[in-house]
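In: Starting from these lines, generate the structure:
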Amino acid sequence: MYQAGEPAAPGVAVTLTDIDGRKLRATVTGPDGTYRFTGLTAGTYRVVVNAPAGTRVTRQDTSGAANTSKVHPLLGYSEPIRLSAAERRLNLDAGFVQTVPQITGTPEAPDGALAPTPIERKPAYSGTQALTGAALALMMLTAGWAILWRRKRRTPSHPFVR
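Out: You can find the predicted model right below:
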């Protein structure tokens with residue numbers, strides 16, 4: 001799971017699936033970040049990679065270079081891989097980048113600055129507020145129909161009013 005000069009990614013779950021997404025085999029990358037599926041028959045496969053916690057798969061390279069990430073960053077799996085009976089592929093690489101900064105230490109940083117405070121996220125509106133909004137809309141609709149109905153009853157030229 002790495003190129004020369006990059007840090008290894010040990011312990012990453014890697015799954016081999018057929019073209020329809022059925023799981024065929026699973027493994028975990030070794031201490032050096034490599035993985036291998038052996039004894040494969042000729043066929044079409046995909047490699048699925050589960051990014052470690054706090055990371056995401058890097059952008060997929062489109063240049064066709066042999067040693068670049070072959071895993072789609074949003075989908076987490078490779079393009080279809082067609083293998084002949086005796087073929088070996090050793091270049092299905094996936095890179096990872098950190099998504100969440102690691103905060104260590106106590107709430108107060110060593111230099112006296114305060115560490116970031118987590119932000120409490122609240123839903124935009126609750127179910128009760130949504131229900132109240134729906135009831136209000138229904139009342140306005142009913143009032144509008146009542147006003148139109150009264151106007152039509154007062155108009156003597158209306159064909160249905162006697």
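
In: low pLDDT regions in the protein?
Out: Within the chain, the stretches with pLDDT under 70 are 1-6, 61-68, 100-131, 133, 149, 151-162.

In: What's the local residue count around the residue lying closest to residue 85 once chain neighbours are set aside?
Out: Leaving aside its sequence neighbours, residue 85 sits nearest to residue 42 (CB to CB, 6 or more residues apart in numbering; 4.4 Å). Placement of C-beta: from N, CA and C, glycine included. If you count neighbours by other CB atoms under 10 Å, residue 42 ends up with 10.

In: I figured residue 42 hits residue 84, correct?
Out: Yes. The criterion here is CB atoms under 8 Å, and residue 42 meets it with residue 84 at 5.3 Å.

In: Break down the chain into its strands, ranges please.
Out: 13-18, 23-28, 43-49, 55-57, 81-83, 96-98 (DSSP state E).

In: Would you mind giving those as CSV with distance to residue 144 and mean neighbour count added?
Out: Listed next are those as CSV, based on distance: least, CB to CB, whole Å; neighbours: other CB atoms under 10 Å:
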stretch, distance to residue 144, mean neighbour count
strand 13-18, 56, 17
strand 23-28, 57, 12
strand 43-49, 55, 19
strand 55-57, 50, 17
strand 81-83, 61, 15
strand 96-98, 55, 15
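
In: nearest to residue 146, of those strands?
Out: strand 55-57 (55.7 Å; CB to CB).

In: Pairing partners for that closest one, with directions?
Out: Taking DSSP bridges as the criterion, strand 55-57 sits next to strand 96-98 (antiparallel) in its sheet.

In: what sits against the spatially closest residue to residue 13 that is not a sequence neighbour?
Out: Distance criterion CB to CB, 6+ apart; nearest residue to residue 13, sequence neighbours excluded, is residue 50 at 4.2 Å. Each residue near residue 50 by CB atoms under 8 Å, 6 or more residues apart in numbering is listed here: 12-15, 76.

In: what do you get if the cut-off is 7 Å, keeping everything else the same?
Out: Residues counted as contacts of residue 50 (CB atoms under 7 Å, 6 or more residues apart in numbering) are 12-13, 76.

In: what about the helices in this protein?
Out: Here the chain has its helices, by DSSP state H, at 127-154.

In: hmm, back to that, save the strands of the chain as CSV, and put in distance to residue 142 too.
Out: As requested, those are arranged in CSV below (distance: least, CB to CB, whole Å):
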stretch, distance to residue 142
strand 13-18, 55
strand 23-28, 55
strand 43-49, 54
strand 55-57, 50
strand 81-83, 61
strand 96-98, 55
